[in-house]
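J.: could you look at this predicted model? Sequence included:
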Amino acid sequence: MVSCRGFLALGAAFLSLGCASIQKDPPWHAAVDRQAGQLGYRNWIVIAEASFPAQSRPGIRQVTASVDVPEALDYVLSALEQTENVRPHIYVPRELRSVENDFAPGIDELRKRLKDSLHGHEAAELEQQSLLTLLQDANRSFDVLVIRTTTALPYSSVFLELQPGYWDVDSETRLREKMERERMQKIVRPR
């Protein structure tokens, strides 16, 4: 027969084992999860390397992630894939493909890991200064989430411009063409 004290000790041991196996998500996961549902068309997410300039404008939210760019990108894209309201248009700095491993050890491995972290999305390339200009222009009217990572490699930030998840460029083009045809028909055949 097990004594009451022995039973309580056994129960406490199981409880502590159960609690130890529950790992709390890092705070940046919660920030991304919260933002993924709130951000919409024309908002931006930047998965930034460690030296990315701190932003002080209203509308920019910054979180620190204790992971590297590919791991953060993988998590962000997974979170966005759970929403129907947005899809990312992904940009990487054009300079990234030209940085040599001799001058930035680890850059070759980072490029490989980034490709895997893209979840099959294509990434457009623009010069980093152009990306920063686009980001600055967007921030005048739209929110930006910056996730600062531990990656210490040049030109390794990834920029996500959010697009409508349920409406694409082809749909918009067809709509505009239809509207133009209707407008032209009214001009040709006024009522």
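T.: Thanks, I have the structure now.
J.: please give me every residue in contact with the residue sitting nearest the centre point of the chain.
T.: The centre of the chain sits closest to residue 76, judged by CA atoms, centre = their mean, with a distance of 4.2 Å. The contact partners of residue 76, taken as CB atoms under 8 Å, 6 or more residues apart in numbering, are 32, 36, 45, 47, 147, 160. (Glycine included, C-beta is placed from N, CA and C.)
J.: got a list of contacts for the helix ranked longest in the chain?
T.: In the chain, taking DSSP state H as the definition, the longest helix is helix 169-188. The contact list for helix 169-188, computed with CB under 8 Å, 6+ apart, is empty.
J.: quick one: mean pLDDT over that helix.
T.: In this model, helix 169-188 carries a mean pLDDT of 88.
J.: can I get the strand or helix carrying the residue nearest to the centre of the chain in PDB? Just the C-alpha atoms.
T.: Per DSSP states H and E, residue 76 falls inside helix 69-81. The C-alpha trace of helix 69-81 is given here as PDB (Å, rounded to 0.1, in the frame of the first residue of the first chain):
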ATOM      1  CA  VAL A  69      17.500  34.900 -40.700                       C
ATOM      2  CA  PRO A  70      16.600  31.600 -42.400                       C
ATOM      3  CA  GLU A  71      14.900  30.200 -39.200                       C
ATOM      4  CA  ALA A  72      13.000  33.400 -38.700                       C
ATOM      5  CA  LEU A  73      12.000  33.500 -42.300                       C
ATOM      6  CA  ASP A  74      10.700  29.900 -42.100                       C
ATOM      7  CA  TYR A  75       8.600  30.800 -39.100                       C
ATOM      8  CA  VAL A  76       7.200  34.000 -40.600                       C
ATOM      9  CA  LEU A  77       6.200  32.300 -43.900                       C
ATOM     10  CA  SER A  78       4.600  29.500 -42.000                       C
ATOM     11  CA  ALA A  79       2.600  32.000 -40.000                       C
ATOM     12  CA  LEU A  80       1.600  33.900 -43.100                       C
ATOM     13  CA  GLU A  81       0.500  30.700 -44.900                       C
END
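J.: so what secondary structure elements neighbour whichever helix or strand comes after that helix?
T.: On the C-terminal side of helix 69-81, the closest following helix or strand by DSSP H and E is strand 86-93. Contacts defined by 3 or more CB pairs under 8 Å, 6 or more residues apart in numbering; DSSP states H and E place strand 86-93 against helix 69-81, strand 123-126, helix 128-139, strand 158-164.
J.: sorry, back to before: report the angle between the axes of the longest helix of the chain and strand 86-93?
T.: If you take axes from the mean of the first three to the mean of the last three CA atoms, to 10 degrees, helix 169-188 sits at 110 degrees to strand 86-93.
J.: next, the angle from helix 169-188 to strand 158-164.
T.: Calculated by the same axes, to 10 degrees, helix 169-188 forms an angle of 40 degrees with strand 158-164.
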